[in-house]
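In: Prediction below, plus the sequence it came from.
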Amino acid sequence: MRRIAILFFLFNTLFIFAQKQISGIVKDNTGNPLPGVNIVEKGTNNGVSTDIDGSYKITVKEGASLIFTYMGYTTTTRLANASQIDVSLSEEGGQNLDEVVVTGSRTAARSNTTSALPIDVLSAKDLTSTGQATFDKALQYKIPSFNTVQTPVNDATSLLDPYEIRNMGPSRTLILINGKRKNLSSLLYVQTSPGRGETGADISAIPTDAIERVEILRDGASAQYGSDAIAGVMNIILKKNATDGSLTVRSGITSEGDGEMLGVSLNNGTTVGEKGFLNYTIDFSKVNLANRPGTVDAQGEANDFLDGSPAAVASVQSFLDKYPDARNVNGSPETAAAKFLINGGNDISDNTKLYYNAAYVYKKVKSFANFRTPYWRPLSDDPYLNDFFGNGNDANPSYAGYGPTFEGDLTDYNGTLGFKNVKNGWNTDASLTVGGNKQVYSVNNSVNRSDILDDNGNNVYRENSPISFKPGGTSFNHVVGNIDVSKIVSDKISIGFGTEFRSEYFTVIEGDKASWDGTGADSFAGNRPENSGKWNRYNVGVYLDVAFDITKDFLINGTVRHEEYSDFGGATVWKASTRYKFLDDKITLRGSVSTGFRAPTLHQIYTQKSQYSFVAGEGIQISGIINNVSPQARQLGIPPLDPEKSTNVTVGIGAKPFQNFNFTIDYYNIKVEDRIVLGDRQDTDFGNVAWFSNSFDSRTSGLDVVANYNNVGIGEGKLGFNLSGNITIQNERISPVTNNSFGDILNSLTFTSRPDTKWIFGINYEIGKFGFSLNNTYFGKTTFNQDGLATNDPNAPVNSPEFLAANLKTEFIPKIVTDLGVNFSATEKLTIALNVNNLFNILPEWKFVAENEAGAALLADPAQTKQQSNLLTFNQRYSRMTYDGFHFSQLGTMFNLSVNYKF
C-alpha cells in the first residue's frame, strides 16, 4: 500500500507540474467587462465562464490553447503561454483596436494597439452590411484608401476591375489568403483606364461569405513578404466554424430596372475526426447588364467618320433619330459566377497541426464593344456587311451596323497545404501554395475586314469572314513554398526567420487564325503565333525579424530580407518600426521606415499584341505593344525592365482617451524609384506602338484617419459612429521621364484618376430585433488631363511641351454617396436585410477647368466647348464619365434584399 501511495503521489505531482493555471479578464472592444464568456481548453471539455467582472481562472496543460466564445462577438483563440491572459472581444461587425492581428510581423502576433504598424480589421459583418455584390466593391465603401470602379467598354478589363490602395495601382498591393500569397490574375490592363500597364490578384473572385475577417496593413512590407508589398498588404482570413452554418439568398436591381442580381451562398462547417474542422462555401450569382449610354452628337460623328458637311450631319442624324445612343452599350457587364472554397485543419498531435484551404472560381462575363454604326462601317466600303448583319438584299439593304460582343471565361484557383508545429517554444510553419488564373476570350457578331486573297484570287475574309472568333487568352500560375520559424525568446525578445521559394509561369494563348490575320477580328484582335508562348522564372528569399520590447510600453522591431530572381538578380530590403504607449495605454505613438521592391511581372516583360483603342478625335484605332525582350525593342534601344525600388516612411498616433472612443491618425510617404509604366503609343518603323520601361521616380504621401465612438445609449438601443478618411497630400512624378513617352492622360491615370480625398462616415443603431446603418462616402475630386484637347500650339512637333500643353482639363466634382441598411432578426435563425445603395441617386459629374486664358476663351464659346466634350466622350457616348474613367459607379440607386438562415 505504501508503494501505491508513493506512486500515486508522484503521478499527481507530475500531473500538477504538467499543468498551469491561467487567469485574466475578458472585455468588449470598449473596455467593459463581459460576464458569461465561455473559455474552453482547445480539444477538450475543460472549460469555465467569466464572472460578473469578466474575470476567469482555468487550469490547462502546457502548450494548450484557449478558445473564447460569446454570443454576438467574434470567437478568439489564444495560446496559453502566460499566467495572465487578458482578452478583448469585438462585436461581429466592429473593428477592435485590441484585436489580435497576424499581418505585418513575422514574430509573435500582437493586438492592433500594440502593433507598430497601421492595420485595418474588417469582419464578415462589415463586408456584408454594405450590400455590395462582390468583395472588392464592399471594400470600396469600407476602406477610404481603397478604390475600384467598373470600367465602361474596356475589353478584358470587364472581367475584373483594377483596384488600388493609396492610389498606387493594383501591382503594389500584396494579397494574402490566411497569410499565404495569392496568385496574380493573368490579365494585364492595357486600355486607357486606371491601373493601365499593371496587374493584380482577382479579389472579386473570393466569396464574401467565406471570409472571417480582413486585415489591411497600410504600410510597405517587402521586408516581411517580398515583392509587391509597397503600398500595403491585404490578408484575407477564412472562416473556421465547424458547427455553425448559414444559407443566404441575395437579390438586387437598379432604380432604372436593369442590372438585376440574384445570388445564393451556402457557408457551413463540420468536424473532421475528433480534432479537425472543415468549413466550406458555395456561392452562385448572376448579374444582368446595366446600360447607361449617352445621347450621341451628330456633328461630332460627322466630323470623325464623314466629311463634317451639313449633308453628312443629316445622314448621321437620320440614324440617331432612330437610335439616339447610336445603339452603344456601356455600363456594367453581364456576369455569372460560381465560387467554391474550403478551409480546414486537424490537430495531428498536441504539438502539430495540419491546415489546408482551396478555392476554385469560374466566371463568365459578356460586354460590348462600341457599336459600328452604318456610317462608321458603310456598305459603300464593305457591301458584304449587309449579308452578315442585314437582310442580304443589296438592292434594298436593311443593314444598320453591328455591335461586336466581348465574352470572357475566367477560372481562378488557389490552394495551400501546411503544417504548424510547436516544440520547446519554437513555432514552425511549413507550407506549399499553388494558384492560377486563366482567361480565354470570344468575340461574336464581328468580322475580319482584311483584304487578303488566297491562291485563287478570292478574299479569305471580308465576305468570307467568320462572325465568331476565338482570340486566345492568357494564363498565370505560381507555386510557392514557405518555411517560417518564430520564438518568444524571453518576455522582451521574439525572433522570426524563414525562407520562400516561388516559381511563376505566364502563358499567352494563341488565337484562331481568323482572329489575328491581317487586322484581325474587328474590336479585339487575337494573339498572333509569334506573340504567344510560355515563360517562367523562379526566386528564392530569406528573412530575419527581431522584435524587442524594451519595456512593456516601448517596442522596436527590425526585419531584413534578401531575394534572388532568376531573370534579373537580387534585392535586399529592410524595415525598422517602433511603438510607444503611455498614459495607461491611452496614447500610442508608432512609426516605421522601410525599403522595398517590386519585380516586373512576367506579363509586363513578355506581353506583345495588337489592340483596338479609342483615340480622341480619331475614333477607334489599331495600335500595338512590343515587349522588352523582342528584336523590335532592341532596335528601338528599349532597355530590359529592372525592379522598382521604394522607400516608405509611416508615422502615426492612436488614442483611446475614454471608454467607447478611439482614433488613429497615420502619415505615410512612399517614394518609388524606376517606376514601371506602359507609355504612350509612338510612331516607329514597326507601326504605332507602346512599350514598358522603368520611366521615372514618383512620390505618394497622405494621411489615414480612423475614429470610432460606440455603445452610446439611446433609449433601449445602442448607437455607434465611425469616421475614416484618406487625404492624398502628394501623388506625382518627381523625376524626368526616360526610355518612354508619358503624356498627360497617362499621368492622370497614374496619379489623379482616383479621389484626392475620400471619407466614410457611418452611423449604426441597434434596438431589439432591428439594426439600422447609414453610411456616407465622400468621393473627392479626380482630375484628368486628356489627350486630344485644344493645345496652345497644335502646329508644334508632336509630343513637344508646346504641343502637349492643353488649355483645358477635366475634373470630377466631389460627391457624397449615401447607403441605407436595415436588418431585421425575425428569429434567432432568420435575418432579413434591405440595403439601398446610393439612396439619393447621386451620379458622377465632371466639368472642364481652364488651364490658362486660352482655355477660358474656349469655355466662353458653347460650340468649342461642345467640340472639346465630344473629344473626351466619343461624341457623348460616354457623357457621364468620359472614356478614361470616373470616381464612383455610374449606375445610380441599387436596391438589394437578402435573407439569411442560420443552421
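Out: Yep, that arrived.
In: just checking, what's the longest strand in the protein?
Out: In the chain, taking DSSP state E as the definition, the longest strand is strand 692-714.
In: For that strand, what does the pLDDT average out to?
Out: Averaged across strand 692-714, pLDDT comes to 93.
In: Please apply the same query to stretch 635-647.
Out: The average pLDDT for stretch 635-647 rounds to 93.
In: before we move on, what about stretch 157-177?
Out: For stretch 157-177, mean pLDDT rounds to 90.
In: can you check stretch 761-777 too?
Out: 94.
In: quick one: contacts of that stretch?
Out: With contact meaning C-beta atoms under 8 Å, 6 or more residues apart in numbering, stretch 761-777 is reached by 129-130, 141, 714-723, 758-760, 778, 816-826, 888. For glycine as for every other residue, the C-beta is placed from the backbone atoms N, C-alpha and C.
In: what does stretch 729-737 give?
Out: By C-beta under 8 Å, 6+ apart, the residues outside stretch 729-737 that reach it are 167, 671, 695-703, 742, 747, 750-752, 756.
In: Show me which of the contacts of stretch 761-777 are buried.
Out: 129-130, 141, 718-720, 722-723, 758-760, 778, 817-821, 823, 825, 888 (16 or more other C-beta atoms under 10 Å).
In: residue ranges with poor pLDDT in the stretch 801-903 of the chain?
Out: Applying pLDDT under 70 to the stretch 801-903 of the chain flags residues 801-805.
In: thinking again about what came up before, tell me which residues of the longest strand of the chain are tucked away?
Out: Residues of strand 692-714 classed as buried: 692-711 (neighbour count, 16+ other C-beta under 10 Å).
In: Listing partners with orientation, what would you give for it?
Out: strand 661-678 (antiparallel), strand 717-733 (antiparallel) (DSSP bridges).
In: Let me have those strands in JSON lines, adding mean pLDDT and distance to Val60 as columns.
Out: Formatted as JSON lines, the strands paired with strand 692-714 follow (pLDDT from 0 to 100; distance: least, C-beta to C-beta, whole Å):
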{"stretch": "strand 661-678", "mean pLDDT": "95", "distance to Val60": "32"}
{"stretch": "strand 717-733", "mean pLDDT": "94", "distance to Val60": "34"}
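In: tell me the most buried of these?
Out: Mean neighbour count (mean count of other C-beta atoms under 10 Å) peaks for strand 661-678 among these, with a mean of 21.
In: what's the next secondary structure element after that strand?
Out: Note on strand 661-678: by DSSP states H and E, the next helix or strand toward the C-terminus is strand 682-684.
In: C-terminal to that next one, what's the next element?
Out: Downstream of strand 682-684, the first helix or strand assigned by DSSP H and E is strand 687-690.
In: Off-centre distance for that next one?
Out: Computed by C-alpha atoms, centre = their mean, to the nearest Å, the chain-centroid distance of strand 687-690 equals 30 Å.
In: pull the CA atoms of that strand into CSV?
Out: Below are the C-alpha coordinates for strand 687-690, written out as CSV (Å, rounded to 0.1, in the frame of the first residue of the first chain):
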residue,chain,number,x,y,z
GLY,A,687,3.9,51.0,-86.5
ASN,A,688,2.1,52.8,-83.8
VAL,A,689,3.3,51.0,-80.7
ALA,A,690,3.8,51.4,-76.9
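In: partners of that strand in the sheet?
Out: Here, using DSSP bridges, strand 687-690 pairs with strand 619-625 (parallel), strand 682-684 (antiparallel).
In: Could you identify which of those strands has the lowest mean pLDDT?
Out: When mean pLDDT is averaged over each of these, strand 619-625 scores lowest at a mean of 63.
In: Could you pull out the buried residues of whichever helix or strand comes after that one?
Out: For strand 619-625, the following helix or strand on the C-terminal side (DSSP H and E) is helix 631-636. Using 16+ other C-beta under 10 Å as the test for burial, helix 631-636 gives 632-633, 636.
In: Stretch 56-72 now?
Out: Applying 16+ other C-beta under 10 Å to stretch 56-72 flags 56, 58, 60, 64-66, 68, 70 as buried.
In: residue contacts, the residue nearest to Phe840 when sequence neighbours are not counted?
Out: The shortest distance from Phe840 to any non-neighbouring residue, by C-beta to C-beta, 6 or more residues apart in numbering, is to Thr818 (5.8 Å). By C-beta under 8 Å, 6+ apart, the contact set of Thr818 is 774-777, 838-840, 842.
In: Kindly recompute the last result at 7 Å.
Out: Residues in contact with Thr818 (C-beta atoms under 7 Å, 6 or more residues apart in numbering) are 774, 776, 839-840.
In: Roughly how far does it sit from Gly252?
Out: From Thr818 over to Gly252 the distance is 17 Å, taken as C-beta to C-beta, to the nearest Å.
In: Could you do Val287 as well?
Out: Separation of Val287 from Gly252 (C-beta to C-beta): 8 Å.
In: Same question for Pro600.
Out: As for Pro600, its distance to Gly252 is 39 Å (criterion: C-beta to C-beta).
In: cool, and Pro324?
Out: In terms of C-beta to C-beta, Pro324 sits 28 Å off from Gly252.
In: Also Leu872?
Out: From Leu872 to Gly252 the distance is 31 Å (C-beta to C-beta).
In: Comparing those two, which residue is more hemmed in?
Out: Under the neighbour definition other C-beta atoms under 10 Å, Leu872 and Gly252 were set side by side, and Leu872 has more, 27 against 20.
In: so the more buried one sits in a helix?
Out: Yes: counting by DSSP: H, G, I helix; E, B strand; the rest coil, Leu872 is found in a helix.
In: what about the nearest residue to it once chain neighbours are set aside, which SS state?
Out: Distances taken as C-beta to C-beta, 6+ apart put Thr882 closest to Leu872, at 4.6 Å, once the chain neighbours are dropped. Assigned by three-state DSSP, the conformation of Thr882 is coil.
In: Enumerate every residue touching Thr882.
Out: Going by C-beta under 7 Å, 6+ apart, Thr882 touches 784, 810, 846, 872-873.
In: Can you tell me which of the buried ones among the contacts of stretch 761-777 end up in strands?
Out: The members of these that map onto strands under DSSP E are 718-720, 722-723, 758-760, 778, 817-821, 823, 825.
In: could you point out where this structure is predicted with low confidence?
Out: Within the chain, the ranges that satisfy pLDDT under 70 run 1-18, 29-32, 52, 71-73, 91-115, 152-154, 611-623, 788, 790-805.
In: which residues does Ala358 bridge with?
Out: Applying DSSP bridges, one finds that Ala358 bridges with Ile342, Gly415.
In: which stretches of the protein form helices?
Out: 2-17, 124-128, 135-140, 222-225, 298-305, 310-322, 385-389, 513-516, 602-606, 631-636, 744-751, 801-804, 853-859, 862-873 (DSSP state H).
In: Relative to Thr405, which of the ones you listed is closest?
Out: Evaluated over the helices of the chain, closeness to Thr405 peaks at helix 385-389, with 12.8 Å, by C-beta to C-beta.
In: Tell me if I'm right that Val26 and Val37 touch.
Out: Yes: counting by C-beta atoms under 7 Å, Val37 is a contact partner of Val26 at 4.6 Å.
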